[in-house]
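Undergrad: take a look and give me a structure for this.
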Amino acid sequence: MCDYDKDKLIHFPQHGDTRGHLVVIEGIKDIPFQIARIFYIYGSDSTVVRGQHANRKSEFVLVNICGTCKVKTNDGKGNTKEFNLDKPHEGVYIPKMVWKDMYDFSDDSILLCLASQPYDAKEYIRDYDRFIDEVGKK
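TA: Numbers count the residues shown, from 1 in each chain. Down below sits the predicted model:
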């Protein structure tokens, strides 16, 4: 089982030969949660910023399976990180209560998002000031 408590880059094993490559991502084994939801983002250009929210309950792993994009995380306590996702065998783990921005998408970008929870609009924090307030109360 994975032991994660902070946002970090994850390298997934690649399997391949002359026929091509295969990357496997298993819940609990390769990432620190069972996968409850999968979605992907495509068709965003380099000027678009996606995300711009934090989640109270959901954890995420983001993998840019085609093209490139950047992910910036913010824990609300002055710590930020920027990740350049440009390899289909690397992903970024984002724990709950971390603000996330995804941006600088290449034209061919497909960002795969693995989530620990089914969608629930009530657990999203979409106002940055409210996020800072909630982080400060913990």
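Undergrad: now do the contacts for residue 38.
TA: Applying Cβ atoms under 8 Å, 6 or more residues apart in numbering to residue 38 gives the contacts 112, 113, 114, 115. To be clear about C-beta, it is placed using only N, CA and C from the backbone, and glycine gets the same treatment.
Undergrad: for the residue lying farthest from the centre of the chain, give its distance to residue 95.
TA: Most distant from the centre of the chain: residue 18, at 30.4 Å, with distances by Cα atoms, centre = their mean. According to Cβ to Cβ, to the nearest Å, residue 18 stands 39 Å off from residue 95.
Undergrad: same thing with residue 133?
TA: Remark: distance between residue 133 and residue 95 (Cβ to Cβ) = 19 Å.
Undergrad: need the helix or strand of this structure with the lowest average pLDDT.
TA: strand 14-17 (a mean of 91; mean pLDDT, DSSP states H and E).
Undergrad: and it, C-alpha only, in CSV?
TA: C-alpha atoms of strand 14-17 as CSV (Å, rounded to 0.1, in the frame of the first residue of the first chain):
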residue,chain,number,x,y,z
GLN,A,14,6.3,1.0,-17.9
HIS,A,15,6.0,-2.4,-19.6
GLY,A,16,6.9,-2.6,-23.2
ASP,A,17,8.7,-4.2,-26.1
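Undergrad: and for residue 52, the neighbour number?
TA: 13 (other Cβ atoms under 10 Å).
Undergrad: before we move on, what about residue 118?
TA: Look at residue 118: counted by other Cβ under 10 Å, it has 9 neighbours.
Undergrad: I'd say residue 39 and residue 115 touch.
TA: Yes. Assessed by Cβ atoms under 8 Å, residue 39 is found in contact with residue 115 at 7.4 Å.
Undergrad: wait, residue 123 touches residue 57, no?
TA: Yes. Assessed by Cβ under 8 Å, residue 123 is found in contact with residue 57 at 4.7 Å.
Undergrad: shared neighbours of these two, which are they?
TA: residue 117.
Undergrad: and the helices in this structure?
TA: 128-136 (DSSP state H).
Undergrad: what residue ranges in it score low on pLDDT?
TA: Across the chain, residues meeting the criterion (pLDDT under 70) sit at 1-5, 138.
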